[in-house]
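Student: Sequence plus the predicted model coming up.
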Amino acid sequence: MEIKGIIFDMDGLMLDTEKLLAKYWMQAAHEAGFPMKLEHVLEIRSLSAIYAKPKLQNIFGMDFDYEAIRSRRRELTAQHLNQYGIEKKPGLDALLIYLHEHQYSIAVATATDRQRTEQYLHQIGVYAYFDIFICGDMVTKGKPDPEIYLTASHALNLLPRECMALEDSPNGILSAYHAGCKAVMIPDLSQPDEDLKKYLYACVPALDDVINLLEGGIS
């Protein structure tokens with residue numbers, strides 16, 4: 001079936017922010033006395049709070065104050081972005097221009113809340129390209145549950161199988177795949193392992209490589 005819609009994750013996919021989330025998750029946790037490492041952060045990428053909180057408490061114990069540590073992480077990240085700005089991932093502009101010119105429907109499906117999503121995408125100058133925004137505070141179950149991709153495809157008036165989902169994280173890929181979308185990974189902090197590869201339609205190094213996938217035809 002022809003692809004008619006493209007659904008974008010945001011952090012780590014359009015914005016080069018996952019490295020900041022990792023850095024400041026670890027700093028916030030260390031300030032609270034918990035030895036969080038990069039491996040722990042990778043486990044909760046794109047994971048909604050209802051899943052991330054018990055996962056981290058299982059690792060560090062029930063004394064791990066998820067809400068307080070996450071709030072501190074957000075504070076540290078906001079300070080960094082206010083000082084240095086937001087880095088855009090390579091190939092984003094070229095892909096969005098191509099999709100606009102070829103009349104694809106375009107959506108965002110992100111674990112980030114609506115206010116910050118709009119702020120960030122305005123800040124990097126790409127907000128106007130998107131038709132639909134489905135954010136973490138607009139769904140009851142976040143990634144890896146398929147709800148956010150089912151909601152996004154429905155909002156675009158498309159079937160999930162008519163949509164290509166672009167993700168950088170395993171949790172995002174699982175969400176997109178189980179919704180019925182064609183899941184394409186553009187890796188950020190980690191490459192897909194053998195288990196994850198079976199859920200991928202494709203894995204490409206940069207966003208503008210998605211153009212070649214679309215030009216090549218998708219069945």
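Tutor: Arrived safely, thanks for sending.
Student: can you list the domain ranges for this protein.
Tutor: 5-16+88-216, 18-84 (automatic domain parsing).
Student: Give me the contact list for stretch 130-142.
Tutor: 8, 46-51, 105-114, 117-118, 121, 147-148, 151-152, 155-156 (Cβ atoms under 8 Å, 6 or more residues apart in numbering). Just so you know, the C-beta spots here come from the backbone N, C-alpha and C atoms, and that holds for glycine as well.
Student: Just the buried subset of these, please.
Tutor: Buried subset of the contacts of stretch 130-142 (neighbour count, 16 or more other Cβ atoms under 10 Å): 8, 46-48, 51, 105-112, 117-118, 121, 147-148, 151-152, 155-156.
Student: got any ranges where the protein has weak pLDDT?
Tutor: Along the chain, the model assigns pLDDT under 70 to residues 1, 217-219.
Student: Tell me where it has helices.
Tutor: Listed in chain order, the helices of the chain (DSSP state H) span 18-31, 38-43, 49-60, 66-84, 92-101, 114-123, 147-155, 170-179, 194-197, 210-216.
Student: Cross-check the contact I'm expecting between residue 105 and residue 3.
Tutor: No. Between residue 105 and residue 3 there is no contact, the gap being 9.9 Å when judged by Cβ atoms under 8 Å.
Student: thinking again about what came up before, in a markdown table: the helices of the chain, plus distance to residue 163.
Tutor: Formatted as a markdown table, the helices of the chain follow (distance: least, Cβ to Cβ, whole Å):
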| stretch | distance to residue 163 |
| --- | --- |
| helix 18-31 | 23 |
| helix 38-43 | 26 |
| helix 49-60 | 23 |
| helix 66-84 | 29 |
| helix 92-101 | 12 |
| helix 114-123 | 19 |
| helix 147-155 | 5 |
| helix 170-179 | 8 |
| helix 194-197 | 19 |
| helix 210-216 | 12 |
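Student: which of those helices is buried the deepest?
Tutor: Sort those by mean neighbour count, taking mean count of other Cβ atoms under 10 Å, and helix 170-179 sits at the top with a mean of 25.
Student: helices and strands around that helix, which ones?
Tutor: Packing partners of helix 170-179 (3 or more Cβ pairs under 8 Å, 6 or more residues apart in numbering; DSSP states H and E): helix 147-155, strand 163-167, strand 182-185.
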